[in-house]
Structures are given as C-alpha cells and as structure tokens.
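**Q** Quick one, fold the following:
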Amino acid sequence: MKLVKTTIALATCSVLSLSAMAAEVPSVDIYGRADLSFQSSDNGEGSFTEIKSNASRLGFKGDYKINDDLQVIYKAEFEVDLDGDGDVWKARNQYVGLKGGFGEVLLGKNDTMLKQSQGKTDLFSDLNGDIKYLWVGENRLSDTLSYKSPKFSGFQFGATYVAEDEVDGKDAISVAAFYGDKKLKKSKIFASIAMDSEVKGKSSDGSVSGYFDTVRATVQGKISGVTLGLMVQNQEDIDTGAEMDGVMVSAKYTVGAATLKGQYQLADHKEGDDRSGITAGVDYKLAKGIKLYAFYTSFDMDTGNDEDYLAAGIQYKF
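**A** Now for the predicted structure:
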C-alpha cells in the first residue's frame, strides 16, 4: 500500500509539473498568404505580361501570459516574393509588447495609426488599385512606439510615435480614433478619424514624396446587403506647402460564392494635376481561405501617362 501511495504521489507531482511547464510555454501561431496573379500591365510606356506576387507573406505571432492581467505579445511577419523577381524576404510588421487592461503597447516596425484607420474600406489593398498609389499615409515604419487603448462602448484610441533614429532625423506622430469592428461582424458600421504629423511618406505613383501632415476620415457599413465605404483625405507637404484633397468610394456585394467589387479614388493636387483611379473586380471563394479573383484597374493622370492593369489570380490564406 505504501508503494502504491508513493507511486500515486509521484505521478500527481509529474502531471502538475508538466501542466505548469505547458502553461509557461509561449504560444506560437504560424500563418501566411500566397497571392499570385497573371496580368497584363500597361504602365504608360507600353504593355507587357507578368506574374506578380501581391504582398504574399509568412508570419509568426503569439503571446505569453505573465498573469491574469498581463501578457507579452509579439509578431514577426515577412513579405515573400513568390514570383522570383525581387528579394525573397522583406520585413513587414515586426514587434514585441505588453497587453493588459490598460490596452497594448508595442515596440518595433508597425503600421501607423493612420494606415490602420482604413480598416477594410480599401477593397483592392496590395493590388494595383491600392489607395497608396495616389495618396500618402499608407506607412509601415521602423523605430515606432505604438499604443492602443481598450475598447469603450465600441470606441478605441491609438497613437504611434516614430523616433528620430539619428541626430538629424525627424520624429513624428500618428493618432487615430476608431469606432466599431473593421470586419463588420460585431457592429454594423466602422468609422475612424486619423491624423499624421510630420510623417515621412510618398505615393506609389511617384507624384509626391517628403514629410506630410495628413488628415483622413473613414466610414464603412452595410445597406441592403451592399457594403459601402467612403474615405476622405487632406495631405500637406510640410516643406513645400503643396496640398492634396482626396476622396475614395468603394462597394461590394456577395452573391453565393462570388463577391462583386468596385472602387473609385481621386487625388486633387492644388496648383497641380488631378489623378484618379477606378477598379472593378470579382472574388470567387473556392474553400475557406482560398479564392480566385480578377480585376481591372485604370489610372487617369492629367500630366502623366495613363496606366491600365488587367489580372486574374489566386490567393491562399493559412
């Protein structure tokens, strides 16, 4: 009997020790997205065909519970060039921080609050029709300290501080206020207002580059099954004073496995030219995390060459 009791005690201690060790092991989630399209591209200098990797990525994220009120969270995400044209690996959001009842504080490379404020309103993000092509503000910056508050009745506040990083560098700040759920699953509407102060940026079309003060307001919601989005923006180059007023509208509607999408964007440069882009597309869901898609994007530039892109692709999320 004594031997049996000793064996049971040892087994119990072993189980408790293993449970304690398991609780101390940080969680690690591996995730990614493979996105490739075959497209005909006309960048204004002539048309050509290409296979394009559209921000394909591989990432690692997780957390470690310190106590009931505090945990460490981290992410290391990399863009993967699946078409083989450029660098295989490119840093995306990479940070470590603390999360608790106070909200979350992150250190590292991260999207600014103004970039995050778009939610899911840009229906062609990471494709040729991405709003970053005509506007500034879509910044993922190094040397950042970010804070997000807890949600109060659907409202949340966030701030990003960008450190100088060198003697002659400039620090900057990006702040935003959010309402609702950007996926529109927990709320019927998503809205935000955000501001950048002296944040370095550029538009992908090459029309502007420098340090900008930017204000952006966004709203998205569902009406009779149609998801509608509106975004307005004002940006000012702090060195030259050049301003731009912009507006973007988007809409999508799902029928069975297909989602029809459309988007229009305008960039009105004061004392400069007008630039606009329009994109129409369709997504077809094959299975969870897998879709086929097609889109057509056309840019109308007052003083530059017009551009057109027609593509069909596949995206796999895991």
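**Q** any weak-confidence spans in the stretch 1-150 of the chain?
**A** 1-25 (pLDDT under 70).
**Q** Could you pull out the helices in it for me?
**A** With DSSP state H, counting those that start in this stretch, the ranges of helices along the stretch 1-150 of the chain come out as 2-24, 113-116.
**Q** so what secondary structure elements neighbour the last one?
**A** On a contact count with 3 or more CB pairs under 8 Å, 6 or more residues apart in numbering; DSSP states H and E, helix 113-116 meets strand 155-162, strand 172-180, strand 189-202. Heads up, the C-betas are built off the backbone N, CA and C, glycines and all.
**Q** Can you name the next helix or strand after the longest one?
**A** Next along the chain after strand 189-202, taking DSSP states H and E as the criterion, comes strand 209-223.
**Q** What strands line up against that following strand, and which way round?
**A** Sheet pairing of strand 209-223 (DSSP bridges) gives strand 189-202 (antiparallel), strand 226-237 (antiparallel).
**Q** Send me that strand as CSV with only the CA atoms.
**A** This file holds the C-alpha atoms of strand 209-223, laid out as CSV (Å, rounded to 0.1, in the frame of the first residue of the first chain):
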residue,chain,number,x,y,z
SER,A,209,7.4,62.4,-51.6
GLY,A,210,8.5,64.1,-48.4
TYR,A,211,7.2,64.8,-44.9
PHE,A,212,3.4,65.2,-44.6
ASP,A,213,0.7,66.4,-42.3
THR,A,214,-2.3,64.3,-43.2
VAL,A,215,-5.9,64.0,-42.0
ARG,A,216,-8.1,61.1,-43.0
ALA,A,217,-11.7,60.1,-42.2
THR,A,218,-13.2,56.7,-43.0
VAL,A,219,-16.6,55.1,-42.7
GLN,A,220,-17.9,51.7,-43.9
GLY,A,221,-21.2,49.9,-43.4
LYS,A,222,-23.8,47.6,-44.9
ILE,A,223,-27.0,48.7,-46.6
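**Q** Next one: residue 287 from residue 156, what distance?
**A** Separation of residue 287 from residue 156 (CB to CB, to the nearest Å): 33 Å.
**Q** Compare neighbour counts for the two and give me the winner.
**A** residue 156 (17 against 8; other CB atoms under 10 Å).
**Q** pLDDT at the more buried one, what is it?
**A** Note for residue 156: predicted pLDDT of 98.
**Q** nearest residue to it other than its sequence neighbours?
**A** Leaving aside its sequence neighbours, residue 156 sits nearest to residue 178 (CB to CB, 6 or more residues apart in numbering; 4.5 Å).
**Q** pLDDT (mean, whole number) over stretch 246-260?
**A** 98.
**Q** Residues contacting that stretch, please?
**A** 121-123, 131, 134-135, 220, 225-235, 261-268, 281-286 (CB atoms under 8 Å, 6 or more residues apart in numbering).
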